[in-house]
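S.K.: Based on what follows, work out the 3D shape:
(4 chains)
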There are 2 protein chains.
Amino acid sequence: MRISTRSRYGLRLMLSLAGNFKKGYMLLKDIARHEEISEKYLSLIVIPLRKAGLLVSSRGANGGYSLSKPPSEISLKEIIEPLEGDLDVIECIKGKEICDKSSTCPSHDIWALLGGRIADFLDSITLEDLLKMQKEKAAGLLEYII
Amino acid sequence: MRISTRSRYGLRLMLSLAGNFKKGYMLLKDIARHEEISEKYLSLIVIPLRKAGLLVSSRGANGGYSLSKPPSEISLKEIIEPLEGDLDVIECIKGKEICDKSSTCPSHDIWALLGGRIADFLDSITLEDLLKMQKEKAAGLLEYII
DNA sequence: TATTATTACTATTAATTTAGTAGTAATTAT
DNA sequence: ATAATTACTACTAAATTAATAGTAATAATA
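M.R.: Residues are numbered from 1 along each chain as shown, chains lettered A, B, ... in the order given. A predicted model of the protein is given here:
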C-alpha cells in the first residue's frame, strides 16, 4: 500500500515548480540537485506530467520546465494519477476483470470505494495548499529558533 | 498504490470465516478450494491474522480456523494492517526517517494524512457490513434472474 | 499407540514491479 | 557551429511480492 517514489519525487518536482511559478523556466538539473534526486530519473518522471498537461517545457539553452497553470488549479490527484497509472487499489476495478466474482464479491466493492476515497482526498488538495503549508512550517521553525 | 494479494486473499478468508461464525472450525483446505486460492499460500496469510488475535485455530483432526470474535467486532483495518505491515503510504512516517526533510517537507504531511484517511475508512467497516453487502448483492442477482 | 488429518514454521524459488542508468536524438539560443 | 537543454528508447539492477516445498507439532480416533 505504498506510494511509489515516482509519485513522491514527482510531487516534490511539481512543488518546486509551484514555488517558482511565473518566474520563468526551471532547469531539471537544478531541481534534481536541490531535491537530491537523480536528474536522469527525474527526466523520466517529467514525461507523464507533461503529457497530462501539467507543465510546459522548452528545449535547448535557456529552456526548462514550468507549470502550465497556477498552483491553485493543480490538485494532487492530477499529479499522482498519471504517475501511479491510476488510483485504484486493485487491478480488477475497471473491466480488466482479473476476477470473475465481482458481481457477488463485496470485497471488490470495498476496494473500489477505497480507491474513490483516496482520489477524493488527493483532489481536495492543491499545490497552492502545499506551498502554504511549506511557508507555515518554515515560519514555525524560525519561531522555534528565535 | 495497489493493495497486495495477501491482503485481498486475507480479507476473503476472513469473510468466509465470518459467514461460518459460531458454526465451528473451517478447514483451510475448504476455504482455499472455494476461494480458488493456493492452500499453501493461504496458510502463510493466516499466521499474522492469528497473531493479531483475529482468529483461533486447532490442529489435527477436526481442527481448523474460526473467528475469535463476532464479525461485527472485526474491522477491515484490523485485518489489513497486519497483512500490509502498516497502513502508511510512505516509509518515513514513523521515525524510520529515510528522509531528513520531514520538518520542512509538506509532502511528508500529506502522505501521513492520506495514510490516516485510509486507516479511518477501513476502520469504519466491519466484517458484518461485508456479510450484509454480500447478502444484498446475492438478493439483487436473484431478483434479476427471476 | 500407530495412523491420519490438520495447523505451524522455515527456507527457497519464481515472478513481477520499481528504481535507476546509459546513450542518442531533437531542439533552441547564441 | 556549438553548447545547453529536453525527449525518447532500451537496458540493468534491486527490491518486493507471490508462490512452492518440506518438515515439525498437535490432536482425534481406531
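S.K.: residue ranges of the helices in chain A, please?
M.R.: A:5-19, A:28-35, A:39-51, A:76-84, A:106-123, A:127-145 (DSSP state H).
S.K.: and stretch A:134-145, which residues are buried?
M.R.: A:134, A:137 (16 or more other Cβ atoms under 10 Å in any protein chain shown). Just so you know, the C-beta spots here come from the backbone N, C-alpha and C atoms, and that holds for glycine as well.
S.K.: For it, which outside residues touch it?
M.R.: A:15, A:19, B:103-106 (Cβ atoms under 8 Å, 6 or more residues apart in numbering or on different chains).
S.K.: close to chain B, is stretch A:34-44?
M.R.: No: Stretch A:34-44 lies out of reach of chain B by Cβ under 8 Å from any Cβ of the partner chain, never closer than 8.9 Å.
S.K.: And that stretch, end to end?
M.R.: 17 Å (Cα to Cα, to the nearest Å).
S.K.: Just checking that stretch against DNA strand C, any contact.
M.R.: Yes: using Cβ under 7 Å from any atom of the strand, we find that stretch A:34-44 touches DNA strand C at A:38, A:40-41, A:43-44.
S.K.: What of stretch A:75-83?
M.R.: No: using Cβ under 7 Å from any atom of the strand, stretch A:75-83 stays clear of DNA strand C, coming no nearer than 8.7 Å.
S.K.: what does stretch A:56-70 give?
M.R.: Yes: with Cβ under 7 Å from any atom of the strand as the criterion, DNA strand C is reached by stretch A:56-70 at A:58-63.
S.K.: pLDDT weak spots in chain A?
M.R.: A:92-99 (pLDDT under 70).
S.K.: And the residue nearest the centre of it?
M.R.: A:Ile79 (3.3 Å; Cα atoms, centre = their mean).
S.K.: Grab the nearest non-local neighbour of the residue in chain A sticking out farthest from the centre.
M.R.: For chain A, the residue at maximal distance from the C-alpha centroid (Cα atoms, centre = their mean) is A:Thr104, at 34.6 Å. Once flanking residues are discounted, A:Thr104 sits nearest to B:Lys137: 5.5 Å by Cβ to Cβ, 6 or more residues apart in numbering or on different chains.
S.K.: How much space separates that neighbour from DNA strand D?
M.R.: 24 Å (Cβ to the nearest atom of the strand, to the nearest Å).
S.K.: Count the residues that sit near the closest residue in space to A:Phe21 that isn't next to it in sequence.
M.R.: Closest residue to A:Phe21 apart from its sequence neighbours, by Cβ to Cβ, 6+ apart: A:Leu67 at 5.4 Å. When neighbours are defined as other Cβ atoms under 10 Å in any protein chain shown, A:Leu67 has 20 of them.
S.K.: you'd agree A:Leu67 is up against A:Leu54?
M.R.: Yes: in this structure, A:Leu67 is within contact of A:Leu54 by Cβ atoms under 8 Å, at 6.9 Å.
S.K.: Now for the two: what residues contact both?
M.R.: Contacts common to A:Leu67 and A:Leu54, judged by Cβ under 8 Å, 6+ apart, are A:14, A:74.
S.K.: so how far is chain B from the closest residue to DNA strand C within chain A?
M.R.: Closest to DNA strand C within chain A is A:Gly60: 2.5 Å, counting by Cβ to the nearest atom of the strand. As judged by Cβ to the nearest Cβ, to the nearest Å, A:Gly60 and chain B stand 31 Å apart.
S.K.: gap between that residue and A:Leu27?
M.R.: Distance from A:Gly60 to A:Leu27, counting by Cβ to Cβ, to the nearest Å: 12 Å.
S.K.: Of those two, give the one with the bigger neighbour count.
M.R.: Neighbours per residue, other Cβ under 10 Å: of A:Gly60 and A:Leu27, the larger number sits with A:Leu27, 13 against 6.
S.K.: need the contact list for that one.
M.R.: A:63-65.
S.K.: do that again at 10 Å, thanks
M.R.: Listed by Cβ atoms under 10 Å, 6 or more residues apart in numbering or on different chains, the contact partners of A:Leu27 are A:33, A:39, A:62-65.
S.K.: So which of the residues you listed wins on neighbours?
M.R.: Busiest of the contacts of A:Leu27 [other Cβ under 10 Å] is A:Tyr65, holding 24 neighbours.
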